[in-house]
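>>> need a 3D model of the sequence below.
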Amino acid sequence: MPHEEFHVLLLSRSNTIIRKEFVSRGGVSGTIVDLKIIFKIAVEHLASSIILCHNHPSGNLKPSNEDISLTKKIKEAGKLLEIPILDHLIISDSGYFSFADEGMM
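Reported below is the predicted structural model:
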């Protein structure tokens, strides 16, 4: 995609996907992500946990400082609501980056 999009995967207690939900669409260098929208969707669908996903149109898989900060913020909110964030995936044409695989969760 030529623009950035942010999605969440909502998971059941057995870590099966309940559904994939679109959260936001931005420009070539970023998108706005509202925590209230993410957790509203999660609560409405009774998600037991969440995986965050967004793309980098540039193809660069390295998480930005904003990506890291946002992940920490969402993870903390998830703790309060007892909806853990299991991973944050950055996707591009050249592959993916997993915060969990890299020990950043």
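>>> need the phi and psi values for residue 44.
The phi/psi pair for residue 44 (degrees, to the nearest 10) reads phi -60, psi -40.
>>> pLDDT at it, what is it?
For residue 44, the pLDDT comes out at 97.
>>> and if you look at residue 55?
pLDDT at residue 55 comes out at 96.
>>> burial count for the nearest residue to it once chain neighbours are set aside?
Spatial nearest neighbour of residue 55, chain neighbours left out: residue 91 (4.7 Å); criterion: Cβ to Cβ, 6 or more residues apart in numbering. No exception for glycine: its C-beta is placed from N, CA and C like everyone else's. Residue 91: 16 surrounding residues under other Cβ atoms under 10 Å.
>>> would you map the strands across the protein?
5-11, 17-25, 49-55, 85-92, 95-98 (DSSP state E).
>>> please save the CA atoms from the helix ranked longest in the chain in CSV.
Longest helix in the chain, counting residues (DSSP state H): helix 65-81. What follows is helix 65-81, C-alpha atoms only, in CSV (Å, rounded to 0.1, in the frame of the first residue of the first chain):
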residue,chain,number,x,y,z
ASN,A,65,10.4,5.7,18.1
GLU,A,66,6.7,6.5,17.7
ASP,A,67,6.0,2.8,17.0
ILE,A,68,7.9,1.8,20.2
SER,A,69,6.2,4.5,22.3
LEU,A,70,2.7,3.6,21.0
THR,A,71,3.2,-0.1,21.6
LYS,A,72,4.2,0.6,25.2
LYS,A,73,1.2,2.9,25.7
ILE,A,74,-1.2,0.3,24.3
LYS,A,75,0.4,-2.5,26.3
GLU,A,76,-0.1,-0.5,29.6
ALA,A,77,-3.7,0.2,28.7
GLY,A,78,-4.3,-3.5,27.9
LYS,A,79,-2.9,-4.4,31.4
LEU,A,80,-5.5,-2.2,33.1
LEU,A,81,-8.3,-3.7,31.0
